[in-house]
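> With the input below, show me the fold.
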Amino acid sequence: MANGVWHSGLQRILELDKEDLGLGGAVTSVLSLIEELLRPVAERDRELLVCVESSQHRQCKAERSGVKSPFMYVRKHRGPDGALRLRAVHLPTVHKMTPEESDRHKAMKDFMARTAQQAGLEVHVEVTTTTRTSRPDVTIVGAGGVSLGCEAQYYNASAGTVLRRSKAHADAGLAANWITHDDRFHLIDRSNWMLTRPMTWREISSAADLTLYGGYRALAEWRCTMTAERPCLNANGYTACGKVHLQWETPRGLDDEGTGWTRAQGNTQGATVGRTLIAAATGSVAQLFVPSRKDRRAGAFMWVPATDRTRWTEFQGEESPDLDESQAGEEAIRFSGDDADDTCRFGENTWAPSAPLQRRGTHLAGLAITIDDFPSPQPAVAVPAPRHASDVTGIASIGEQEETLPSPVPLPAVPRAGIELPNAAPGAGTAMPAATEPDPSARTCPSQSIGSCAKCQRATHRYGTGGCPLCQWCMASAMEKWSPTVRYVSARMTRRLAS
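Presented below is the predicted three-dimensional model:
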């Protein structure tokens, strides 16, 4: 790479480490010239930019090697310090896949085509769209859902390339869907995506389905009380606000929601690549874009259950993503002010490691909202249904059927810590069953959290998160006597509370 390049149109050396490119006032707009330099070679004269040494009528090292031409292109390069700078590189510019990348790419294309064909969907592999503007790796024609333009991506394509190809797919009536194994790639959250674990081509070819590690979420909805299993989203710590929260969560993040106990494999069906592709094409899974709080053009691209998407849009307006390539310019270019080097450095060992890429997908998109009114009951979390039991074997660890979570037992609001509770009168206003009958909370909490009610001695959820020293009948009696907002100091002061 070089920090200088000869511009055959201007007949000048461009010094890429200077803000004015070393031209002074020779051009009216330096920004327009930089945009011209960064254009793809296919859209400009291939001989526009030349190695500085070659422009001085000397044969540069690239020419003498016989592998590279003296012509160059300009790209953005991130140095060891993490700064983005302009650098000139000898042509050609085409990324050459390694044998391993090529094998994985072909295996993933075969997996997507095979999965869709087994579900009875129409599939095209490496076929140009009707608009002649794009050619997805695999095209899955929708049958009640969206038509998908799937891309298997195993090298880090630039943000501009991802946005340009995604927009071309959208213009052809396809929903772009990128499948990758690295969450540091630029494609993450610049279009709809799916993340798998790193695999060899043999693992992909032999798998009946692939576990989905990112790009898919389900909607969690709960009333914010002290008995809720999820914390308050209004930054109140353990203090319940009494409102209803909606939050996008991973399917495994919903494990054991409302049950209070854990199995070895959880009780929520995990999402897989194959089922999600089929569900998107048939309509039970939809695409959703949630904009960032800071930049409305950026945000989170997700595949979500169609029913959850409908529920979310009842309270939150839906926005369309901006697939303009200008969105890719996230960082400013740094200029050090150094003079251009007129010597060709091709072949020299000048390589220095670039700054590591940051993981993407850890966005600032608003994936949670709070509403005041109590919504209608939410059905069990929907995930793409399996085609049949024999198709969900292989590396994906999932159950044969989707399980429906048991409905939680409604309990009265549990007091919060901080204010001392005066003595409560026994049995105020509520008929109480025999003390041998356990409190309903004892059936839904972990066994180590069960203890005796400080007043009637029945079994109840006393310890741990959401625990209370009184059962629901004794607490209802105290609330009726003092007020619904009554509080207790802590579970360690139950003798004074119940006396």
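> use CA for all of it now, contacts and neighbours both
Will do.
> Would you mark the buried spots in stretch 284-303?
Across stretch 284-303, burial judged by 16 or more other C-alpha atoms under 10 Å covers 284-292, 297-303.
> Residue 456 looks like it's in a strand, true?
No - going by DSSP: H, G, I helix; E, B strand; the rest coil, the assignment for residue 456 is coil, not a strand.
> Determine the number of other residues adjacent to it.
18 (other C-alpha atoms under 10 Å).
> Which pLDDT does the model give it?
Among the per-residue scores, residue 456 shows a pLDDT of 87.
> Pretty sure it sits against residue 436.
No - when contacts are counted by C-alpha atoms under 8 Å, residue 456 is not listed as touching residue 436 (9.7 Å).
> Low-confidence stretches in the chain?
65-67, 92-101, 235-239, 253-269, 293-298, 321-331, 347-366, 373-431, 487-499 (pLDDT under 70).
> What's the separation between residue 153 and residue 191?
Computed as C-alpha to C-alpha, to the nearest Å, the residue 153 to residue 191 distance reads 13 Å.
> sorry, back to before: which pair of the buried residues of stretch 284-303 spans the longest distance?
284 and 297 (26.8 Å; C-alpha to C-alpha).
> Among the buried residues of stretch 284-303, which one sits closest to residue 33?
residue 297 (25.5 Å).
> Break down the stretch 201-350 of the chain into its strands, ranges please.
218-223, 244-249, 285-291, 299-305 (DSSP state E, counting those that start in this stretch).
> got the buried residues for the first one?
Residues of strand 218-223 classed as buried by neighbour count (16+ other C-alpha under 10 Å): 218, 219, 220, 221, 222, 223.
> Residue 247 against residue 369, yeah?
Yes - Residue 247 is within contact range of residue 369, at 6.6 Å (criterion: C-alpha under 8 Å).
> what pairs with the helix or strand encompassing residue 150, and is each one parallel or antiparallel?
Using DSSP states H and E, residue 150 sits in strand 148-152. Under the criterion DSSP bridges, strand 148-152 sits next to strand 138-140 (antiparallel), strand 175-180 (parallel) in its sheet.
> Identify, out of these, the most deeply packed stretch.
strand 138-140 (a mean of 26; mean count of other C-alpha atoms under 10 Å).
> Show residues contacting it.
109, 112-113, 116, 121-127, 147-151, 281 (C-alpha atoms under 8 Å, 6 or more residues apart in numbering).
> ok, back up a step: who has more neighbours out of residue 153 and residue 191?
Counted by other C-alpha under 10 Å, residue 153 and residue 191 do not tie: residue 191 has more neighbours, with 27 against 19.
> Grab the nearest non-local neighbour of that one.
Setting aside the residues directly before and after it, residue 191 is nearest to residue 301 in space (C-alpha to C-alpha, 6 or more residues apart in numbering), at 6.0 Å.
> List the residues that contact that neighbour.
Contact analysis of residue 301 by C-alpha under 8 Å, 6+ apart lists 189, 190, 191, 192, 193, 215, 287, 288, 289, 290.
> Need the max-distance pair from those.
Top of the distance list for the contacts of residue 301 (C-alpha to C-alpha): 193 and 290, 14.0 Å.
> got a list of what residue 245 touches?
So residue 245 contacts 221, 222, 223, 224, 233, 368, 369, 370, 371 (C-alpha under 8 Å, 6+ apart).
> Leaving out the residues flanking it, which one is nearest to it?
Per C-alpha to C-alpha, 6+ apart, closest to residue 245 is residue 370, 4.5 Å.
> neighbouring contacts of the helix or strand where that neighbour lies?
Assigned by DSSP H and E, residue 370 belongs to strand 368-371. With C-alpha under 8 Å, 6+ apart as the test, strand 368-371 has contacts from 233, 243, 244, 245, 246, 247, 248, 315.
> Buried among those? Make that a PyMOL selection.
The following PyMOL line selects those of the contacts of strand 368-371 that are buried, judged by 16+ other C-alpha under 10 Å:
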select buried, resi 233+243+244+245+246+247+248
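> before we move on, the earlier item: which one of the strands paired with strand 148-152 lies nearest to residue 48?
Of the strands paired with strand 148-152, nearest to residue 48 by C-alpha to C-alpha is strand 175-180, at 33.8 Å.
> can you pull the alpha-carbon coordinates of that closest one into CSV?
The C-alpha trace of strand 175-180 is given here as CSV (Å, rounded to 0.1, in the frame of the first residue of the first chain):
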residue,chain,number,x,y,z
ALA,A,175,-35.9,-9.7,1.1
ALA,A,176,-32.1,-9.8,1.5
ASN,A,177,-30.9,-12.4,4.0
TRP,A,178,-27.2,-12.7,4.8
ILE,A,179,-25.9,-15.9,6.5
THR,A,180,-22.5,-15.7,8.1
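> So what angle separates the directions of that strand and strand 285-291?
Interaxial angle, strand 175-180 versus strand 285-291 (axes from the mean of the first three to the mean of the last three C-alpha atoms, to 10 degrees): 80 degrees.
> Counting by contacts, list what the helix or strand that strand 175-180 is followed by packs against.
With elements assigned by DSSP H and E, the helix or strand that comes after strand 175-180 is strand 192-195. Counting by 3 or more C-alpha pairs under 8 Å, 6 or more residues apart in numbering; DSSP states H and E, the packing neighbours recorded for strand 192-195 are strand 175-180, strand 299-305.
> Now distance to residue 29 too, for these, in a markdown table please.
Formatted as a markdown table, the helices and strands packed on strand 192-195 follow (distance: least, C-alpha to C-alpha, whole Å):
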| stretch | distance to residue 29 |
| --- | --- |
| strand 175-180 | 36 |
| strand 299-305 | 32 |
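> Quick one: closest of the ones you listed to residue 485.
Nearest to residue 485 among these is strand 299-305; the distance by C-alpha to C-alpha comes to 37.4 Å.
> pull the CA atoms of that closest one into PDB?
Only the C-alpha atoms of strand 299-305 are listed here, as PDB (Å, rounded to 0.1, in the frame of the first residue of the first chain):
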ATOM      1  CA  GLY A 299     -30.700   0.000  14.000                       C
ATOM      2  CA  ALA A 300     -31.400  -3.700  14.500                       C
ATOM      3  CA  PHE A 301     -32.600  -6.000  11.600                       C
ATOM      4  CA  MET A 302     -34.400  -9.000  13.000                       C
ATOM      5  CA  TRP A 303     -36.400 -12.000  12.000                       C
ATOM      6  CA  VAL A 304     -39.300 -12.200  14.400                       C
ATOM      7  CA  PRO A 305     -42.600 -14.300  14.700                       C
END
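> and the angle from that strand to strand 244-249?
Using the same axes, to 10 degrees: strand 299-305 against strand 244-249 is 100 degrees.
> what's the spacing between residue 72 and residue 40?
Here the criterion is C-alpha to C-alpha. By it, residue 72 lies 11 Å from residue 40.
> Looking at these two, which is more packed in?
A count of neighbours by other C-alpha under 10 Å puts residue 72 above the other of residue 72 and residue 40, at 27 against 14.
> Excluding chain neighbours, what is closest to that one?
Leaving aside its chain neighbours, residue 72 sits nearest to residue 90 (4.2 Å; criterion: C-alpha to C-alpha, 6+ apart).
> Would you mark the buried spots in the helix of greatest length in the chain?
In the chain, with assignment by DSSP state H, the single longest helix is helix 99-118. By neighbour count on 16+ other C-alpha under 10 Å, the buried set for helix 99-118 is 101, 104-105, 107-116.
> same for it, what does it pack against?
Looks like helix 99-118 contacts strand 123-125, strand 138-140, strand 148-152, helix 201-206, helix 273-282 (3+ C-alpha pairs under 8 Å, 6+ apart).
> May I see those organised as JSON lines, with distance to residue 440 added?
JSON lines is the format used below for the helices and strands packed on helix 99-118 (distance: least, C-alpha to C-alpha, whole Å):
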{"stretch": "strand 123-125", "distance to residue 440": "52"}
{"stretch": "strand 138-140", "distance to residue 440": "49"}
{"stretch": "strand 148-152", "distance to residue 440": "47"}
{"stretch": "helix 201-206", "distance to residue 440": "47"}
{"stretch": "helix 273-282", "distance to residue 440": "37"}
